[in-house]
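J.: 3D model of this:
(2 chains)
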Amino acid sequence: DGGITQSPKYLFRKEGQNVTLSCEQNLNHDAMYWYRQDPGQGLRLIYYSQIVNDFQKGDIAEGYSVSREKKESFPLTVTSAQKNPTAFYLCASSIGGEGPYEQYFGPGTRLTVT
Amino acid sequence: SQQGEEDPQALSIQEGENATMNCSYKTSINNLQWYRQNSGRGLVHLILIRSNEREKHSGRLRVTLDTSKKSSSLLITASRAADTASYFCATHLAYSGAGSYQLTFGKGTKLSVIP
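T.: Residues are numbered from 1 along each chain as shown, chains lettered A, B, ... in the order given. Reported below is the predicted structural model:
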């Protein structure tokens, strides 16, 4: 089965702790993305990577970090510096090259920080 | 501010009726895409329309694009209760830079189809 997996589905953490969200794809896509979704806010881009060992900040990168050591994997770390980390986090991937850049999404991870 | 803005924010219709959602954007695009999200789930790609196309169909979906007005509409015909979801437009900007794959998403229209 081809697709994107995110784990865990629900995650609970205490304030001040770093937490890493997993994202894996077996679609052989070059590009991967992390979005944050808050109620009524739509999707906001946190980080994206167009190729292994390279990634770029999105619109709301502060308090987050990523790595892209393998084509299949793009983990997101929510650090203690993120002021309001409770949200629904979505990972996506797409082909590179000439596009058209349709994105395939994982099922999401709902993070609650108390 | 968002590149794409959907209208209305929420829409409630009876099963069997048609549902129309609109998306407006600000800057020139290469393509515009519509996605669907069921509550608490990831987004699913529905349809893509390129900037040189005016209309596309896929099953019960019809998408139009008017680049002069910087707007698009998604029509779902003969709606079903299973169409209940949020619908998002996403744009790939024409001046994204070499090899840029990013999409910019709107805030979505929440569609409720009442059986």
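J.: please tell me I have it right and residue B:76 contacts residue B:60.
T.: Yes - judged on C-beta atoms under 8 Å, residue B:76 makes contact with residue B:60 at a distance of 5.8 Å. Yep, even glycine has a C-beta here, placed from its N, CA and C like the rest.
J.: so which of these two has more stuff around it?
T.: The residue with more neighbours, out of residue B:76 and residue B:60, is residue B:76; 22 against 14, by other C-beta atoms under 10 Å in any protein chain shown.
J.: just give the nearest non-adjacent residue to that one, would you?
T.: Leaving aside its sequence neighbours, residue B:76 sits nearest to residue B:19 (C-beta to C-beta, 6 or more residues apart in numbering or on different chains; 4.5 Å).
J.: ok, and does the longest strand seen in chain A reach over to chain B?
T.: For chain A, the longest strand by residue count, based on DSSP state E, is strand A:42-51. Yes - looking at strand A:42-51 against chain B by C-beta under 8 Å from any C-beta of the partner chain, the contacts come from A:42-43, A:45, A:48, A:50.
J.: shouldn't residue B:102 be in contact with residue B:92?
T.: Yes - using C-beta under 8 Å, residue B:102 makes contact with residue B:92 at a distance of 7.4 Å.
J.: which residues in chain A form strands?
T.: Using DSSP E, strands in chain A cover A:4-7, A:10-13, A:19-25, A:31-38, A:42-51, A:54-57, A:64-66, A:76-78, A:87-94, A:104-105, A:109-113.
J.: I'd like those as TSV, with mean pLDDT and mean neighbour count appended.
T.: Below are these laid out as TSV (pLDDT from 0 to 100; neighbours: other C-beta atoms under 10 Å in any protein chain shown):
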stretch	mean pLDDT	mean neighbour count
strand A:4-7	95	17
strand A:10-13	94	13
strand A:19-25	97	19
strand A:31-38	95	24
strand A:42-51	93	21
strand A:54-57	94	14
strand A:64-66	98	20
strand A:76-78	97	21
strand A:87-94	96	24
strand A:104-105	96	21
strand A:109-113	96	17
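J.: what are the phi and psi angles of residue B:83?
T.: Main-chain torsions, residue B:83, degrees, to the nearest 10: phi -80, psi -10.
J.: which residue sits closest to it, ignoring its sequence neighbours?
T.: Closest residue in space to residue B:83, ignoring its immediate chain neighbours: residue B:113 at 5.0 Å, by C-beta to C-beta, 6+ apart.
J.: quick check: residue A:18 vs residue A:80, distance?
T.: To residue A:80, residue A:18 is 6 Å away according to C-beta to C-beta, to the nearest Å.
J.: next one: residue B:4
T.: The gap separating residue B:4 from residue A:80 is 33 Å, by C-beta to C-beta.
J.: give me the pLDDT for residue B:95.
T.: In this model, residue B:95 is scored at 65, pLDDT.
J.: where does chain B have low pLDDT?
T.: Applying pLDDT under 70 to chain B picks out residues B:1-3, B:95-99.
J.: hmm, back to that, surely the residue nearest to residue B:83 meets residue B:79?
T.: Yes - counting by C-beta under 8 Å, residue B:113 touches residue B:79, with 4.7 Å between them.
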